[in-house]
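Trainee: The sequence and its predicted three-dimensional model are supplied below.
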2 protein chains.
Amino acid sequence: MNADTAAQIAADPDKVARLTWARLVEPADDQAAPLLAEHGHVEALTRLRAGADRIGRAATGRLDEFDLQRELRATRLAGARLVFPGDDEWPAGLDDLARPPHCLWVRGRAHLADATRRSAAVVGARNASAYGTRVAADIASGLVERRFTVVSGAAFGIDAAAHRGALAAEGITIAALACGVDRAYPAIHARLLDQILLCGAVISEVPPGAAPIRTRFLARNRLIAAMALGTVVVEAGLRSGSLNTANHALECERPVGAVPGPVTSMASAGTHQLVRDHRAELVTDAAEVAELLGVIGEDLAPVRRGEHRPEDDLEGPARRLWEHLPTVRPGTVDRLAHTSGLTAPEVMAALGELNLRGMAERWSGGWRKVAPDTP
Amino acid sequence: MNADTAAQIAADPDKVARLTWARLVEPADDQAAPLLAEHGHVEALTRLRAGADRIGRAATGRLDEFDLQRELRATRLAGARLVFPGDDEWPAGLDDLARPPHCLWVRGRAHLADATRRSAAVVGARNASAYGTRVAADIASGLVERRFTVVSGAAFGIDAAAHRGALAAEGITIAALACGVDRAYPAIHARLLDQILLCGAVISEVPPGAAPIRTRFLARNRLIAAMALGTVVVEAGLRSGSLNTANHALECERPVGAVPGPVTSMASAGTHQLVRDHRAELVTDAAEVAELLGVIGEDLAPVRRGEHRPEDDLEGPARRLWEHLPTVRPGTVDRLAHTSGLTAPEVMAALGELNLRGMAERWSGGWRKVAPDTP
């Protein structure tokens, strides 16, 4: 966040009030929510200062300590930017929440609104099984191949597998944290979070430095559910936090998918219960998730394995380049020559052929595949 | 079947006509069905003899060869009895079929109508996984503990596991065959079928000696579906015959349950599809199957593991006897003394105490447990 942006925020009373509220109260705070809904952030703050409304002594105490410049500096030091409702980057889905965040701290290269426009939340148990982590990674990769962004919570188990599956397919993935975006939680995921920043984003509704506490995890789950078009639960025990995410998705009228597993595994008991309660559709792979979440008519006919595929017709350099052509992040001719082992002229000729066949497209300075199920 | 019964059948024109039709045409025959529905078995046969209706040359040719006494003798030699609609032993569920069997050949000690009154079909893939056979056996055992008869088709894989699970829990199980009841198919299940006969039944709608051919398997599936209160599919490939059984159950307005499994296993692809198509409820254990199939209000509250159970209050011989008291087939005092290691007077005192507590009941000359979920 540069000095200009900071000055723009400082000059906007609504943004300043939102930053203040983010410091005063916990996410989705019970007492603040009705005041904000009735009066808006600026007026609610004025009433608080005048003693017309109350929100608890500790929160009110923090009002005197609030220092806008310190908040902006901390945001800059965290390598983060602030995103407010109405901003170009604000994810529209968050507006469906009964208690939306006051603002978001965002790190990473992804444009949050663009990235979440076609996105799926993939969540599940921390103590996932080998089966669960494998399926979560497969589904996340498959969603990336279908141009979905994968949203999750960077937790152990299913969350981490979902992020990693998306990264492995060179896709965009977004991690919503229960702590400040400058903190790595769990600490062992520091490198994973760094990888997510390269093309995706790490976001939070609590300020830099904020610690991950239980209520923030539960509140964070509603961001994951609301940002994505729908939520897939891969494994969940009967009291898993990911069932909480599924409930938030249902409250926002988003579809929920649940992946089955062996009935002998308690790690699948929660997903089976979701299906039994008719709160989730049973899904077994990324194609079924895409069908569940995709824009109607766009993702209804997944390519069946064993059918004839366009690449079956390719030969020589075009065939070879196809194997190395990225699905999401475009590659330059030099980069493609390097990864495919072809010469630059061969790459250019192959790209020409693929482009004529409608299989490759130019995209922000490079080339990538045209996905078969994108119109 | 004794001589008296044979004479009674020979004296009943409807029964003779039904036996004749069973010899003339294949089960659920396309051409015979509308004739039988319109005219009944006797009149349809008269019209056939008079040339007023036609059902194919081969079938008509068999009409001249039909020999009632030979059929009755073959039935007796097969150790079977004949059961007709309206007979005390006729399973009422079969009347829900669009094309009910003309009659049934039955072997085994079970009273078919009584045994199927509270019954569940447990079916699935022939090439079942170790997971599937384990779950099928567990569910069948659990159903027996809840006083259900287990109906299946004696095939390899899930069917055999279901029968074996029921037998292991000392329950009643019924096998519906696609061949005559005097044949063992598959041959390796000859011993399994013999075990089923001891307390259960082996039935068929084709005469003794008839070979198992494809159309008879498909027709047999409708008997399984219609006899039981509902059908559970444990594992099924995408084109499994057990999906055919599930469709018959739905046509008879019986509930269908489907057991999930790993999405990485093709053996569960069919059950997942049943749930995705909303043709089946997802079920994970016998309690959930009982809830799905049971009489409303009777099976809704399975005992949760870890709760206080009546047997927790038992001490000494009563406690010991409880562990050895059968759930389904009653045991005599002598038999219970033998299995529990108690003396006969100890057994009688313990039975008295269990009976006072409402935990043991007299049943056809012996004693057994009162099931906790039976009112």
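Mentor: Received, thanks.

Trainee: switch to C-alpha atoms for all contacts and neighbour counts from now on
Mentor: Fine.

Trainee: Could you list the contact residues of the stretch 251-375 of chain A toward chain B?
Mentor: Residues of the stretch 251-375 of chain A that fall close to chain B, judged by CA under 8 Å from any CA of the partner chain: A:259-263, A:272, A:275-276, A:281-285.

Trainee: May I see the buried residues of the lengthiest helix in chain A?
Mentor: Ranked by number of residues, the top helix in chain A under DSSP state H is helix A:32-49. Residues A:32-33, A:35-36, A:41-42, A:44-45, A:48 are the ones in helix A:32-49 that count as buried (16 or more other CA atoms under 10 Å in any protein chain shown).

Trainee: With pLDDT and distance to B:Ala176 added, can I get the residues you listed in JSON lines?
Mentor: Shown next, in JSON lines, are these (pLDDT from 0 to 100; distance: CA to CA, whole Å):
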{"residue": "A:Ala32", "pLDDT": "94", "distance to B:Ala176": "66"}
{"residue": "A:Ala33", "pLDDT": "93", "distance to B:Ala176": "63"}
{"residue": "A:Leu35", "pLDDT": "94", "distance to B:Ala176": "68"}
{"residue": "A:Leu36", "pLDDT": "95", "distance to B:Ala176": "68"}
{"residue": "A:His41", "pLDDT": "97", "distance to B:Ala176": "71"}
{"residue": "A:Val42", "pLDDT": "97", "distance to B:Ala176": "75"}
{"residue": "A:Ala44", "pLDDT": "95", "distance to B:Ala176": "73"}
{"residue": "A:Leu45", "pLDDT": "94", "distance to B:Ala176": "75"}
{"residue": "A:Leu48", "pLDDT": "92", "distance to B:Ala176": "76"}
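
Trainee: for A:Ile158, phi and psi?
Mentor: The phi and psi values for A:Ile158, taken as degrees, to the nearest 10, are phi -60, psi -50.

Trainee: Now it: closest residue in space that isn't a chain neighbour?
Mentor: A:Gly124 (4.9 Å; CA to CA, 6 or more residues apart in numbering or on different chains).

Trainee: Next: A:Arg254.
Mentor: A:Gly230 (4.9 Å).

Trainee: The one you found: neighbour count?
Mentor: By other CA atoms under 10 Å in any protein chain shown, the residues close to A:Gly230 number 28.

Trainee: Tell me who's in contact with it.
Mentor: Applying CA atoms under 8 Å, 6 or more residues apart in numbering or on different chains, we find A:Gly230 in contact with A:119-121, A:249, A:254-257, A:293.

Trainee: Could you check the pLDDT of it?
Mentor: Looking at A:Gly230, its pLDDT is 97.

Trainee: picking that back up, closest to A:Gly237 among the buried residues of helix A:32-49?
Mentor: Comparing the buried residues of helix A:32-49 against A:Gly237 with CA to CA places A:Ala33 closest, at 30.7 Å.

Trainee: Check whether the closest one really touches A:Arg99, as I assumed.
Mentor: Yes - with contact defined as CA atoms under 8 Å, A:Ala33 and A:Arg99 form a contacting pair (6.4 Å).

Trainee: so how far is the longest helix of chain A off the chain centroid?
Mentor: How far helix A:32-49 lies from its chain's middle: 29 Å, per CA atoms, centre = their mean, to the nearest Å.

Trainee: again, but for stretch A:232-241
Mentor: With CA atoms, centre = their mean as the basis, the mean position of stretch A:232-241 lies at 18 Å from the chain mean.

Trainee: cool, stretch A:279-294 as well?
Mentor: 17 Å.

Trainee: any idea how far chain B is from the residue nearest to A:Ile158?
Mentor: Noted for A:Gly124: a distance of 16 Å to chain B, by CA to the nearest CA, to the nearest Å.

Trainee: That residue is in contact with A:Phe156, isn't it?
Mentor: No - in this structure, A:Gly124 is not within contact of A:Phe156 by CA under 8 Å, at 9.3 Å.

Trainee: Compare those two and say which one has the larger neighbour count.
Mentor: Comparing A:Gly124 with A:Phe156 by other CA under 10 Å, the one with more neighbours is A:Gly124, at 38 against 18.

Trainee: For the more buried one, which residues are in contact?
Mentor: Contacts of A:Gly124 by CA under 8 Å, 6+ apart are A:157-159, A:233-236, A:240-242.

Trainee: cool, and A:Leu63?
Mentor: Here A:Leu63 is in contact with A:20, A:24 (CA under 8 Å, 6+ apart).

Trainee: before we move on, the earlier item: could you save the contacts of A:Gly124 as CSV and add columns showing pLDDT and distance to A:Ile213?
Mentor: Output for the contacts of A:Gly124, formatted as CSV (pLDDT from 0 to 100; distance: CA to CA, whole Å):
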residue, pLDDT, distance to A:Ile213
A:Gly157, 96, 19
A:Ile158, 98, 20
A:Asp159, 97, 18
A:Val233, 98, 22
A:Val234, 98, 24
A:Glu235, 97, 23
A:Ala236, 96, 21
A:Ser240, 87, 16
A:Gly241, 89, 14
A:Ser242, 92, 16
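
Trainee: so which of these is the most crowded?
Mentor: Neighbour counts for the contacts of A:Gly124, by other CA under 10 Å, peak at A:Glu235, which reaches 35 neighbours.

Trainee: Next up, the contacts around that residue.
Mentor: A:123-125, A:128, A:132, A:158, A:258-261, A:267-271.

Trainee: In helices, which of the contacts of A:Gly230 appear?
Mentor: A:249, A:293.

Trainee: Output the contacts of A:Gly124 in TSV, with distance to B:Ala74 appended to each entry.
Mentor: Listed next are the contacts of A:Gly124 as TSV, based on distance: CA to CA, whole Å:
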residue	distance to B:Ala74
A:Gly157	64
A:Ile158	63
A:Asp159	66
A:Val233	59
A:Val234	57
A:Glu235	57
A:Ala236	58
A:Ser240	62
A:Gly241	65
A:Ser242	63
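
Trainee: Generate JSON lines for those residues, with secondary structure as supplementary columns.
Mentor: Below are the contacts of A:Gly124 laid out as JSON lines (DSSP: H, G, I helix; E, B strand; the rest coil):
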{"residue": "A:Gly157", "secondary structure": "coil"}
{"residue": "A:Ile158", "secondary structure": "helix"}
{"residue": "A:Asp159", "secondary structure": "helix"}
{"residue": "A:Val233", "secondary structure": "strand"}
{"residue": "A:Val234", "secondary structure": "coil"}
{"residue": "A:Glu235", "secondary structure": "coil"}
{"residue": "A:Ala236", "secondary structure": "coil"}
{"residue": "A:Ser240", "secondary structure": "coil"}
{"residue": "A:Gly241", "secondary structure": "helix"}
{"residue": "A:Ser242", "secondary structure": "helix"}
